[in-house]
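> Give me a 3D structure for the following:
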Amino acid sequence: MNGPLPPAPAPVAVPARSLLRLESLGMRGIKLGLEAIDALCERLGRPERAAPSILIAGTNGKGSTAATLAAIAHAAGKLCGLYTSPHLESVCERVRIGPDDVSPEALDAALEEVFSAADRAPAIPVTYFEAVTAAAFVMFRDAHLDLAVLEVGLGGRLDATNVTPASVSVVTSIGFDHMADLGETLPQIAREKAGVFRYGRPALALAADLTARAALEEAASAVGARYHDARREITVEVNRVGISGTEFHLTTPLIRARLATPLAGAHQAWNAALAIRAVELCPEVFGAVEPEIFANGLSSVRWAGRLERLQMPGGRVVLLDGCHNPEGAEAIARFLDESGLAGRVSLVFGAMADKDVEGIAAVLFPKAAEVFLVAAAPPRGATPEELERRAGRFAKSVRLEPDVDAALASLASLEIGAASASGEKESAPIIVAGSLYLVGEARARLRAVGGGG
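Next comes the predicted model:
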């Protein structure tokens with residue numbers, strides 16, 4: 001397709017009283033602490049204890065690891081619940097039972113129970129995240145799960161998900177993000193994330209920085225957890241990286257296998273490896289798992305907004321990735337180098353003003369042929385002009401557009417010229433990256449106009 005994108009169909013509203021109340025709480029408010037969620041779970045009859053759980057924290061990679069682990073559980077014949085955050089288009093994305101997102105009606109009913117408990121005297125004031133977390137616990141209890149996999153929202157020690165007993169705890173990575181809440185140094189951040197470790201239970205961690213690794217191991221020892229350093233126990237050899245996924249050889253203490261994940265990037269091989277090792281450390285749920293179960297689980301993973309492949313209506317590939325910190329940007333940059341796409345892609349970028357825009361741009365912008373700077377979600381989103389002032393110097397070519405829709409429309413119209421040239425630009429993908437809110441906007445837009453993967 002050439003020219004502007006067609007108009008998107010109007011969204012269909014779902015009248016639901018508790019969902020409307022949830023939206024009134026505001027998605028972006030943060031209140032760290034376990035007092036409210038613990039009191040709420042007590043009133044609800046402790047639904048977070050109804051099934052064994054695996055808790056996954058980390059700066060980056062925790063959502064991909066959680067989704068992979070849930071897919072393996074499904075392949076192994078287990079009824080698994082998955083709780084993640086944030087969502088991209090619908091809050092229902094945050095909760096899956098089996099392979100499917102819960103329905104708006106089911107979430108609304110669970111929220112009704114949550115708000116009813118919270119409103120009893122003395123009232124318990126809850127945040128958006130606490131309400132959805134408690135609703136997930138309620139739905140998981142009612143589904144009689146074999147396993148619940150929960151992604152930590154922020155940090156670990158004081159995150160609402162940390163009320164779960166956690167049969168296995170995982171930390172995927174340690175990097176600089178949310179420093180005002182978690183600490184200014186990697187060891188400080190590591191100790192906050194290590195708050196998910198449990199006495200007598202496996203604590204699996206992956207961290208590149210030596211000081212962060214030491215802090216994780218010390219925290220595990222202090223709480224009496226059984227510490228497992230992924231870099232000592234796992235070997236990952238990446239064989240192929242491309243838009244369609246990642247192939248790798250994996251060696252753990254229990255298996256040696258050649259595997260593939262549809263998630264793109266060498267970092268996704270490590271996320272898959274962590275999920276597999278977590279399964280191995282949870283024999284009370286899984287028993288002995290054969291490599292073909294791991295292969296089948298990995299093949300069915302779906303995880304939106306992390307180098308997720310969609311298409312423009314005319315066929316040009318769009319990759320969506322919420323790389324909201326320098327570590328995430330480095331993962332995309334490595335993917336572009338490994339897949340041969342560095343210097344060829346068009347990048348649409350927007351970010352929250354309080355993020356390390358300069359750190360992200362220094363890594364990512366030089367890998368693109370052109371960069372379109374757009375506004376992310378107000379009021380925290382940086383304007384295109386602010387992004388240019390802070391990071392435009394890192395790009396080969398910069399264009400400012402008011403929003404992601406305008407940027408995609410411009411790129412659609414540019415394909416007219418590309419078709420008569422060498423064809424290289426037409427075949428190279430567009431990457432929409434930065435804020436997850438921006439990625440959600442782009443995803444909704446592309447899906448609405450029929451640009452499926």
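> what helix or strand is the one residue sitting closest to the centre of the chain on?
Closest residue to the average C-alpha location of the chain: G63 at 3.7 Å, with Cα atoms, centre = their mean. Assessed by DSSP states H and E, G63 sits inside helix 62-75.
> Tell me how far that helix lies from the chain's centre.
Helix 62-75 has its C-alpha centroid displaced from the chain centroid by 12 Å (Cα atoms, centre = their mean, to the nearest Å).
> now stretch 125-133
19 Å.
> Return the set of buried residues in that stretch.
Neighbour counts using 16 or more other Cβ atoms under 10 Å place 126-133 of stretch 125-133 among the buried residues. Backbone N, C-alpha and C define where each C-beta goes, glycine included.
> Among the residues you listed, which one sits closest to R334?
F129 (30.9 Å; Cβ to Cβ).
> What pLDDT is listed against that closest one?
On pLDDT, F129 comes in at 95.
> likewise the one 5 residues further on?
Model confidence at A134, given as pLDDT, is 98.
> so how many other residues sit close to it?
A134 has 29 neighbours, counted by other Cβ atoms under 10 Å.
> can you check L336 too?
L336 has 23 nearby residues by other Cβ under 10 Å.
> what about the strands in the stretch 51-200 of the chain?
Ranges of strands in the stretch 51-200 of the chain, per DSSP state E, counting those that start in this stretch, are 53-57, 80-83, 95-97, 100-101, 147-151, 168-171.
> So which of these is the most surrounded?
strand 168-171 (a mean of 31; mean count of other Cβ atoms under 10 Å).
> Can you lay out the strands of the stretch 51-200 of the chain as JSON lines showing distance to N239 and mean pLDDT?
Below are those laid out as JSON lines (distance: least, Cβ to Cβ, whole Å; pLDDT from 0 to 100):
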{"stretch": "strand 53-57", "distance to N239": "26", "mean pLDDT": "98"}
{"stretch": "strand 80-83", "distance to N239": "28", "mean pLDDT": "98"}
{"stretch": "strand 95-97", "distance to N239": "30", "mean pLDDT": "98"}
{"stretch": "strand 100-101", "distance to N239": "32", "mean pLDDT": "96"}
{"stretch": "strand 147-151", "distance to N239": "27", "mean pLDDT": "98"}
{"stretch": "strand 168-171", "distance to N239": "24", "mean pLDDT": "98"}
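> would CSV of those strands with distance to G322 be doable?
Listed next are those as CSV, based on distance: least, Cβ to Cβ, whole Å:
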stretch, distance to G322
strand 53-57, 17
strand 80-83, 18
strand 95-97, 18
strand 100-101, 18
strand 147-151, 13
strand 168-171, 20
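> Of these, which is nearest C323?
It is, among the strands of the stretch 51-200 of the chain and with distance given as Cβ to Cβ, strand 147-151, at 16.9 Å.
> Show me the contact partners of that closest one.
51-56, 62-63, 66, 69-70, 73, 78-85, 136, 140, 161, 164, 282, 285 (Cβ atoms under 8 Å, 6 or more residues apart in numbering).
> ok and it relative to helix 62-75, angle-wise?
Taking axes from the mean of the first three to the mean of the last three Cα atoms, to 10 degrees, one finds strand 147-151 and helix 62-75 inclined to each other by 170 degrees.
> CA-only coordinates of strand 147-151 in CSV, if you can.
The C-alpha trace of strand 147-151 is given here as CSV (Å, rounded to 0.1, in the frame of the first residue of the first chain):
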residue,chain,number,x,y,z
LEU,A,147,0.9,-23.4,38.2
ALA,A,148,0.9,-19.6,38.2
VAL,A,149,3.7,-17.7,36.6
LEU,A,150,3.9,-14.0,37.7
GLU,A,151,6.0,-11.2,36.3
